[in-house]
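Engineer: Sequence and predicted structure, then a few things I'm wondering about:
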Amino acid sequence: MSDTKAEKLIIEGGHRLQGDVTISGAKNSVLKLMAASLLTREPVHLSNVPQLSDVDVMMDVLRHLGVTVEQSGHEITLCARDITCFEAPYELVSKMRASFNVLGPLLGRFGEAKVSLPGGCSIGKRGIDLHIKGLEALGANVKIVHGFVESKAKRLVGSEIVLDLPSVGATENVMVAAVLAEGATILSNAAQEPEILDLADFLNAMGADISGAGTNEIVINGVKPENLGGVSYHVVPDRIEAATYLIAAAGTRGDVTLHAVHPAHLHSLTHKLMEMGANITLPTPNQIKIQVDKRLQTENLTTLPYPGFPTDLQAPLMALLAISEGTSVIRETIYENRFNHVGNLKRMGAKIEVEGNVAIVTGVESLSGACVKASDLRAAAALIIAALEAKGQTEILNLHHLDRGYEKLEDKMRQLGASIQRIPVTDENVLETTQQQQGVE
Ligand code: UD1
């Protein structure tokens with residue numbers, strides 16, 4: 001992968017997106033499957049692995065723990081036979097919050113884990129209290145010492161756990177830890193995201209005994225370590241990447257067919273786009289086709305846990321609502337501070353007012369190109385959508401955010417007819433601020 005810190009995108013707006021695009025494997029699934037490979041001493045083979053900087057970071061975390069990692073194109077093989085260390089250091093966890101997912105499997109298999117606190121980030125507080133409460137309910141002794149979560153247990157014991165809110169990460173850490181616990185764990189008010197189901201399917205293929213994943217109650221019957229073996233597994237399609245292309249197509253009044261997707265995982269978005277006036281069809285069970293030939297109408301939006309509207313699509317959809325007809329009210333209920341993209345959209349001519357966790361967007365006829373900086377991964381996607389819609393040229397800086405979660409975005413967009421190129425940043429002042437930015441989705 002290229003060093004994205006010193007690059008920027010130049011996008012010439014106004015080109016209609018048309019044609020076909022193939023969606024990659026899900027970032028938010030593969031990172032958790034990789035972490036869960038720590039549960040077995042046998043080799044784990046993953047296919048449909050997206051080529052992303054976050055996957056590189058997870059490979060580094062696993063190597064640090066002693067896992068052998070072999071990568072070839074979109075496939076990786078991981079083997080956690082000889083784990084030499086139970087500690088995930090600050091340098092790696094601070095790069096990417098999903099590194100915290102090694103806590104559950106290390107504790108479950110070895111009875112010991114020390115993982116750096118991930119900390120908050122630009123979009124909100126992002127606590128870990130629910131992870132800790134869940135692991136404590138399984139009998140772990142958990143302490144926070146010098147910025148690390150230190151946890152120990154002889155053998156975890158199954159328990160009934162009710163999460164205060166359906167946290168994706170806490171559901172994953174507790175579910176994975178409970179795989180090798182003694183007896184049954186019933187996890188209620190669990191997150192229901194497709195990536196949770198993918199993780200449960202992966203664990204069951206390894207020999208775990210999990211039912212109910214994808215609903216709000218997951219039952220994990222503990223198994224013995226010798227019951228877990230190697231596995232070959234294909235990562236679920238990335239619904240957020242897919243959604244980004246649907247919204248970009250809508251914003252350019254395009255005609256685009258997505259391939260290798262699970263349409264059911266995108267229902268909250270496709271329903272919203274159809275309400276706005278887009279024509280959406282399913283040519284085959286793994287394709288979605290979107291056609292838009294007029295200005296869309298605005299709709300209100302509230303982010304919610306799955307199957308509600310995903311917070312990760314709030315910024316991208318805002319970039320479409322910004323040029324739709326009417327006024328929309330956007331409520332962000334998952335994170336405290338997820339409107340960092342608003343200032344940049346306003347630089348491009350959007351009319352948006354923010355009051356607490358509500359943004360009021362009044363659609364304008366068109367946006368105009370400007371020089372902007374991505375503040376996080378999905379903000380980067382929103383700015384790209386806005387740039388494709390806008391009149392004139394947009395420059396987007398801070399591409400390291402983008403490269404965490406979108407595989408070959410420029411190639412895919414160019415294939416659809418976008419005018420987009422990546423060039424080096426030469427201005428040293430810009431570079432300095434670019435390098436100071438960090439993001440942990
Ligand atoms: C995952 C996704 C992220 C997505 C989010 C919500 C990955 C790598 N990231 O993040 O893209 O935006 O789900 O769909 O999969 N919370 C607590 N205490 C906890 C845990 C969470 O208060 O112990 C709060 C968080 O601060 C946040 C909310 O719960 O406000 C949702 O967080 P969570 O579902 O845990 O998100 P992540 O797993 O971090």
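Structural biologist: In hand now; what should we look at? Numbers count the residues shown, from 1 in each chain.
Engineer: Close to the ligand: what parts of this structure are there?
Structural biologist: The chain comes close to the ligand at residues 28, 31, 97-98, 124-131, 165, 167-170, 191, 310-312, 334-335, 441, as judged by CB under 6 Å from any ligand atom. From N, CA and C alone the C-beta is placed, and that goes for glycine too.
Engineer: Among those, which are located in helices?
Structural biologist: The helices, defined by DSSP state H, take in 28, 31, 129-131, 168-170 from the residues of the chain next to the ligand.
Engineer: that older thread, restricted to buried residues, select the residues of the chain next to the ligand in PyMOL.
Structural biologist: Applying 16 or more other CB atoms under 10 Å to those leaves a buried subset, and the PyMOL line that selects it is:
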select buried, resi 28+31+97+98+126+128+130+131+167+168+169+170+191+310+311+312+334+335+441
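Engineer: Burial check on Val361, number of neighbours?
Structural biologist: By other CB atoms under 10 Å, 28 other residues sit near Val361.
Engineer: now the one 5 residues further on
Structural biologist: Number of residues near Ser366 (other CB under 10 Å) recorded here: 15.
Engineer: pull the helix or strand with minimum mean pLDDT from this structure.
Structural biologist: Lowest on mean pLDDT, DSSP states H and E among the helices and strands of the chain sits helix 428-436, with a mean of 47.
Engineer: export the ones in helices among the residues of the chain next to the ligand to a markdown table and tack on pLDDT?
Structural biologist: Below are these laid out as a markdown table (pLDDT from 0 to 100):
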| residue | pLDDT |
| --- | --- |
| Asn28 | 97 |
| Leu31 | 97 |
| Asp129 | 94 |
| Leu130 | 96 |
| His131 | 96 |
| Val168 | 97 |
| Gly169 | 96 |
| Ala170 | 97 |
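Engineer: for these, which one is nearest Arg295?
Structural biologist: Asn28 (32.3 Å; CB to CB).
Engineer: and the chain, what are its domains?
Structural biologist: Per automatic domain parsing, the domain ranges recorded for the chain read 4-24+237-440, 27-234.
Engineer: For the last one, what is the distance to the chain centroid?
Structural biologist: It stands for domain 27-234. Centroid displacement of domain 27-234 relative to its chain, using CA atoms, centre = their mean, to the nearest Å, is 16 Å.
Engineer: gap between the two ends of it?
Structural biologist: 13 Å (CA to CA, to the nearest Å).
Engineer: pretty sure Glu241 belongs to a helix, no?
Structural biologist: Yes. Applying DSSP: H, G, I helix; E, B strand; the rest coil, one finds Glu241 inside a helix.
Engineer: Please report how far it lies from Lys408.
Structural biologist: Using CB to CB, to the nearest Å, we find Glu241 at a distance of 11 Å from Lys408.
Engineer: For these two, list the residues in contact with both.
Structural biologist: Residues touching both Glu241 and Lys408 (CB atoms under 8 Å, 6 or more residues apart in numbering): none.
Engineer: Those two: who's more crowded?
Structural biologist: Glu241 (24 against 14).
Engineer: If we ignore the residues flanking it in sequence, what's nearest that one?
Structural biologist: Ile23 (5.6 Å; CB to CB, 6 or more residues apart in numbering).
Engineer: cool, and Leu367?
Structural biologist: Closest to Leu367 by CB to CB, 6+ apart is Ala390, at 4.0 Å.
Engineer: just checking, the one you found touches Glu365?
Structural biologist: No. When contacts are counted by CB atoms under 8 Å, Ala390 is not listed as touching Glu365 (11.4 Å).
Engineer: Compare these two (neighbour count), which wins?
Structural biologist: Ala390 (26 against 9).
Engineer: Could you pull up the residues touching the more buried one?
Structural biologist: Contacts of Ala390 (CB under 8 Å, 6+ apart): 13-14, 348-349, 366-370.
Engineer: The one helix or strand His45 maps to: partners in the sheet, and parallel or antiparallel?
Structural biologist: Using DSSP states H and E, His45 maps to strand 43-47. Strand 43-47 pairs in its sheet with strand 75-79 (antiparallel), strand 231-234 (parallel), by DSSP bridges.
Engineer: what residues does the last one touch?
Structural biologist: Residues lying outside strand 231-234 but in contact with it, judged by CB under 8 Å, 6+ apart, are 25, 33, 40, 42, 44-48, 201-202, 205-206.
Engineer: Kindly report the same for the first one.
Structural biologist: For strand 75-79, contacts defined as CB under 8 Å, 6+ apart pick out 34, 37, 41-47, 49, 55, 59, 62, 67-70.
Engineer: Apply 7 Å and report the result again.
Structural biologist: Residues from elsewhere that reach strand 75-79 (CB atoms under 7 Å, 6 or more residues apart in numbering): 34, 37, 43-47, 49, 62, 67-70.
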